[in-house]
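J.: Below: sequence and its predicted model.
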Amino acid sequence: MVAYDRFVLPNGLTALVHTDHSTPLVALNVLVRAGSRYDFPGSSGLAHLFEHLMFSGTELVPDFDVPMQIAGGENNAYTNADYASYYCYGPVENIETFLWLEYNRLTTLDISEAKLQLEKRVVLEEYRETCLNEPFGDLWHHLLPAAYGDHPYRWPTIGECEDDIRNISLSDVQKFRMQRYHPENMIVTLAGGIDAAEGADLVSKWFADLSRRSETEFQYQETSLQFTSQEILLENAVPVDAFYLAMPMPDRNHVDFVTLDLLTEILATGRSSVLYRNLIRGKSMLSQVDCYLSGALEGGLIIIEGKLAPGFDFGEVYAEIWQVIHELKNQPISKEVMARLKNMWETTYALSEMNILNKAMNLSYYEMLGSVDLINSEQDLYLSKTSADVMDVLAKYFREDRVITIEYRPKK
């Protein structure tokens, strides 16, 4: 059980404090509803680029990492389609240093044209390294537009193309900052050796004077997700034949999410999983297989991926996958499998509760989902699922008539 205190500042910022005196450390997480879905038209990659710029310094703190490290802290950040997350941890006696550093860059971030151009070069190099020069690195550039159509999930967080990143202007950056980085979009969480009252006072001290939103936010005209089955065949600089089968799933808060999450474990986690047992250990058709959820808040994707073993073709692999799924639909999952699955999930959950940074980030995440108490109650949802529940979502979402298929073949 993760105990927490929650309060909302007059400026709209939501704060959470979790006390854990078993550690001399404290973790700070600042979650901002500023993911890539809010990128401006023609400027995809803006949210991710702005995350980079958050480390570009201020007049008082030219290098964000220097005072952080002097205070014994470690920090990092990431951005996805829905939000950006900034986090750090270090000795609890230096908590005000960490809070001051976050406040300082939220209020006095120094973004010049020169710094913008420098970070654009860094992001473009990251784009080339991870998307263009890495085998299968351009997957999301093909899969997302095929799956999401006009929805702003249709481009990867890093950007749709290099030109979009190059075209981001200083004006775009400043406007994005004004529209998304305001207290009504922020969740600040403290976890560690700090009392709730002290944590609340410190968050108020450092963030209460942040200004509310002062500019109308740009919003895409978001259409409902129109999923259409299709095949995308690619010849690329890849070492082996590989495939990705993507099927639509409901929102993160949907009642079926938990069951689908459990189902992916049954299908492809570990050597005893169904797909591993049949396609790798049994028939040696694949050298690698996985099944996972993309995790987007407003409708994600269920993805099965694999790399073919020599001598097999895509058609016979797909036939075997769907045969395995068909058999699973018609044969109840044993009590032993369900018990092992739930034990594994309980262990993962218990281990996550031992880490204050995990707890801080999870509290922020569940607050963003709309119910912070899910950090405690979602465990019961996982443990309550039955074999019948799993078979029900398997029949509902694993359908051959609703699949986007992407095939990679080595370039000749």
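T.: All right, it came through fine.

J.: what pLDDT does the residue lying farthest from the centre of the chain get?
T.: Centroid-distance maximum for the chain: Gly311 at 36.0 Å, with Cα atoms, centre = their mean. What the model reports for Gly311 is a pLDDT of 95.

J.: A strand includes it, no?
T.: No - under DSSP: H, G, I helix; E, B strand; the rest coil, Gly311 sits outside any strand and is assigned coil.

J.: Give me the distance between it and Ser287.
T.: The spacing between Gly311 and Ser287, counted by Cβ to Cβ, to the nearest Å, is 11 Å. Glycine gets a C-beta too; all of them are placed from N, C-alpha and C.

J.: So the protein: which segments form each domain?
T.: 5-207, 230-410 (automatic domain parsing).

J.: winner for burial among those domains?
T.: domain 5-207 (a mean of 19; mean count of other Cβ atoms under 10 Å).

J.: First-to-last residue distance for that domain?
T.: 17 Å (Cα to Cα, to the nearest Å).

J.: Same check on stretch 327-334?
T.: Terminal-residue distance, stretch 327-334 (Cα to Cα): 13 Å.

J.: now the domains of the chain in JSON lines, with distance to Arg213?
T.: Shown next, in JSON lines, are the domains of the chain (distance: least, Cβ to Cβ, whole Å):
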{"stretch": "domain 5-207", "distance to Arg213": "4"}
{"stretch": "domain 230-410", "distance to Arg213": "17"}
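
J.: next helix or strand past the helix or strand of the chain with the lowest mean pLDDT?
T.: Within the chain, judged by mean pLDDT, DSSP states H and E, the helix or strand with the poorest mean is helix 335-352; its value is a mean of 86. Later in the chain than helix 335-352, the nearest helix or strand by DSSP states H and E is helix 356-369.

J.: send the alpha carbons of the helix or strand just after that next one over as CSV?
T.: Downstream of helix 356-369, the first helix or strand assigned by DSSP H and E is helix 374-384. Taking Å, rounded to 0.1, in the frame of the first residue of the first chain, the C-alpha atoms of helix 374-384 are listed here in CSV:
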residue,chain,number,x,y,z
LEU,A,374,-5.2,3.2,-8.8
ILE,A,375,-1.7,2.9,-7.5
ASN,A,376,-3.2,0.7,-4.7
SER,A,377,-6.5,-0.6,-6.2
GLU,A,378,-5.2,-1.7,-9.6
GLN,A,379,-3.4,-4.6,-7.9
ASP,A,380,-6.7,-6.0,-6.8
LEU,A,381,-8.0,-5.7,-10.4
TYR,A,382,-5.1,-7.8,-11.7
LEU,A,383,-5.5,-10.4,-9.0
SER,A,384,-9.3,-10.6,-9.6
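
J.: now what about helix 374-384, what contacts it?
T.: 1-2, 4, 258, 261-262, 342, 345-346, 349, 359, 362-363, 366 (Cβ atoms under 8 Å, 6 or more residues apart in numbering).

J.: I'd like the average pLDDT over the helix or strand following it.
T.: Going down the chain from helix 374-384, the next helix or strand is helix 387-397, by DSSP H and E. Helix 387-397 carries an average pLDDT of 95.

J.: Helix 387-397: how far from the chain's middle?
T.: Its chain's C-alpha centre and that of helix 387-397 lie 25 Å apart, by Cα atoms, centre = their mean, to the nearest Å.

J.: now that helix against helix 335-352, angle please.
T.: 90 degrees (axes from the mean of the first three to the mean of the last three Cα atoms, to 10 degrees).

J.: Run through the neighbouring helices and strands of helix 387-397.
T.: helix 257-268, helix 314-330, helix 335-352 (3 or more Cβ pairs under 8 Å, 6 or more residues apart in numbering; DSSP states H and E).

J.: what packs against the shortest one?
T.: Just to be clear, that refers to helix 257-268. helix 274-275, strand 286-293, strand 301-308, helix 335-352, helix 374-384, helix 387-397.

J.: Can you list the neighbours in contact with the fourth one?
T.: Read that as helix 335-352. 262, 265-266, 269, 272, 358-359, 362, 379, 382-383, 385-387, 390.
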